[in-house]
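Undergrad: Sequence below, structure please.
(one chain, ligands or ions: 1)
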Amino acid sequence: MAISNKHFRQQIIEAARAGETTTPRCPHAPPQGQCGGCVFQDHDYPAQVAAKRAALCSLWSDDLPDNCIDTLDVVASPNPFAYRTRMDFVASKERFGLRRGGRFNYIIDLHECHLIPTHAFTAARAVYEHAMALGLPDYNLKTHAGFLRYVVVRRSPDDELLLALVTAAPEEEKVSAEKVERVALAALEHPGVLGVHWLINATRTDVSFGEPVRHWGRATLPMRVGAHTLEIGPNTFFQNNVWLLMPLLEAVRDAVAACGHAGAIADLYSGVGAIALHIARHADRIVCIESSGESVRLARENSVRAGFEHIAVIEADVADALRAQTTGAFDVVVADPPRTGLGPEVCRELLRLRPRRIVYVSCNPLTQRDDIRALQSGYRLVLLQGYDMFPQTPHLEALAVLDVI
Ligand SMILES: C[S@@+](CC[C@H](N)C(=O)[O-])C[C@H]1O[C@@H](n2cnc3c(N)ncnc32)[C@H](O)[C@@H]1O
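TA: Okay, here's the model as predicted:
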């Protein structure tokens, strides 16, 4: 049955709302508030996880036998609050916060947010207030006038912080630069803040990334994950849930290790190398493929710092890089694509390359299911497990393991 992302999310929301109610921790969360960041904070966390499990089972009901559906599980987040490693707060029309559910241009002015620790929210809000006090105008999403677009806070498992002011191109460069510097230097005084970036997004596109202009303090944030520390930058991706990060990486590592020591493993969509470092001991050679230049540079530095000389990081589009490989080039492939999934082209290349095992981490179960269907002429699904990386929201992550037929 064809199902849209919207329908899938709605299914989760409705099922969670059928569960036990509880008092939301945050006054901005529904039903009292209208913040779109948390959709069902007023419902028990176990009911949220059960709703995600039910939606995953229903999604797979046509493809898997009943006994597999019965054992399908979603791993709960050990803590459903203060879990995020990144929050992107919008600054617009004298408001600082998140969008109202379903409304692009209506920002809920937040005075607390429980998806990140209190000190992380306080530091981000202080940046906004200081910028406003200095007369750096926030950004109007409709007219595109103004300057400060987002305050982004990245947070490590050790609760250290890297902040970014994402702005439009300044009209008066020198005056704006001086004011941004004052905001950044004051932000560095907040507990846990290691560094502050100024990023410029001069386009009309509403994204919370930008061209790095300058930074104060540290340029990167150390993310200590298990035995390794990975440096991340202001524009790099990192897994979003500090509490489930290690369980997910361990499950990926176990799925890789179960194949025995490999000659070569490909880590597709490798980011700054979080997965590569955790599976490094299980192969003679790891080939990471990643399109973001900033992530590629950091992945190389992270591998060297971890003492691994057998990790190569290729800056390329995954489909292009796979096309250049010969059949049998990789014993195992790990893939962790963006929400759009692998897509038909990458699936075609994987069928041609025929790795023994594909370990597929996904933040979009719908595209993951489509990709697995596209791979079924050469692969059978041997494990599927949900991970609630995004409590209080209708999103979930899923890990699939496929073996060659
Ligand atoms: C979901 S993240 C996974 C990152 C990494 N595996 C981790 O665990 O931190 C997806 C990554 O794929 C990269 N990416 C997106 N499209 C790509 C493409 N077509 N080719 C290569 N990399 C891509 C993004 O820059 C991002 O780093």
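Undergrad: what's around the closest residue to residue 305 other than its chain neighbours, how many residues?
TA: Among residues not flanking residue 305 along the chain, residue 229 sits closest, at 7.4 Å (Cβ to Cβ, 6 or more residues apart in numbering). Placement of C-beta: from N, CA and C, glycine included. Other residues lying near residue 229 total 16 when counted by other Cβ atoms under 10 Å.
Undergrad: Next up, the contacts around residue 229.
TA: Residues near residue 229 by Cβ atoms under 8 Å, 6 or more residues apart in numbering: 222-223, 302, 305.
Undergrad: Residue 186 now?
TA: Residues in contact with residue 186 (Cβ under 8 Å, 6+ apart) are 126, 130.
Undergrad: pLDDT (mean, whole number) over whichever strand or helix holds it?
TA: Element membership for residue 186, per DSSP states H and E: helix 173-187. For helix 173-187, mean pLDDT rounds to 93.
Undergrad: can you give me how far the helix or strand just after that helix is from the chain middle?
TA: Once the chain leaves helix 173-187, the next helix or strand it forms, by DSSP H and E, is strand 193-200. In terms of Cα atoms, centre = their mean, to the nearest Å, the centre of strand 193-200 is set 19 Å apart from its chain centre.
Undergrad: which residue packs closest to whatever residue of the chain ends up closest to the ligand, ignoring adjacent ones?
TA: In the chain, no residue comes nearer to the ligand than residue 271, which is 2.8 Å away by Cβ to the nearest ligand atom. Among residues not flanking residue 271 along the chain, residue 237 sits closest, at 4.8 Å (Cβ to Cβ, 6+ apart).
Undergrad: related to what we said a few turns ago, can you give me the buried ones in the helix holding residue 186?
TA: Buried residues in helix 173-187, counted by 16 or more other Cβ atoms under 10 Å: 176, 179-180, 183-184, 187.
Undergrad: Contacts only, for residue 49.
TA: Applying Cβ under 8 Å, 6+ apart to residue 49 gives the contacts 74, 76, 388.
Undergrad: dump the residue contacts of the nearest residue to residue 391 once chain neighbours are set aside.
TA: Closest residue in space to residue 391, ignoring its immediate chain neighbours: residue 80 at 3.6 Å, by Cβ to Cβ, 6+ apart. Remark: with contacts taken as Cβ under 8 Å, 6+ apart, residue 80 is in contact with 45, 48, 388, 391-392.
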